[in-house]
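Student: Provided below for reference: sequence and predicted model.
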Amino acid sequence: MADASNHLAHLTSTIDSLGQGLDHAKTGAVRSLHSWGAALSASDEPALKTIADELKQLEVILGEGDINGPKLKKALQSLGKHTTAAAKSAEGATADKVQQLGKLLTDAAGQLS
């Protein structure tokens, strides 16, 4: 059960960061992306493995010297879409947080031109 509590706390932290805007979220993004990717890769759910792969791609994009805006936008849109879809199979407070995270990722993509 501690695992579920840790995931909920991590979701809340990620949501808080994204809620402050894309520029703020970028600061801790790589560390968070790596952590989420590792957690989701361990899942038996194909949808979560897809999200883990997208997180790895996003980590690469953010690690590039000059970030390609259209590439980042596309990655965030896809990640937002898959995250929102994954919320349907989550339970309780986690489902709400995952849905909120999906929306924030989609909104972040909308901040990019």
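Tutor: Received it, and whenever you're ready, just let me know what you need.
Student: just how off-centre is stretch 41-51 within its chain?
Tutor: 13 Å (Cα atoms, centre = their mean, to the nearest Å).
Student: How far does that stretch stretch from one end to the other?
Tutor: Chord length of stretch 41-51, first to last residue, is 8 Å (Cα to Cα, to the nearest Å).
Student: ok, how many other residues are close to residue 37?
Tutor: Residues near residue 37, counting by other Cβ atoms under 10 Å, number 19. Heads up, the C-betas are built off the backbone N, CA and C, glycines and all.
Student: Skip the chain neighbours and tell me the closest residue to it.
Tutor: Of all residues not flanking residue 37 in the chain, residue 55 sits nearest, at 4.1 Å (Cβ to Cβ, 6 or more residues apart in numbering).
Student: So the one you found versus residue 92, what's the distance?
Tutor: Distance from residue 55 to residue 92, counting by Cβ to Cβ, to the nearest Å: 23 Å.
Student: do the same with residue 12
Tutor: 14 Å.
Student: Heading C-terminal from the helix or strand hosting residue 13, find the next helix or strand.
Tutor: Secondary structure assignment for residue 13, by DSSP states H and E: helix 2-19. The helix or strand immediately downstream of helix 2-19 is helix 22-41, counting by DSSP H and E.
Student: Right, I'll leave it there.
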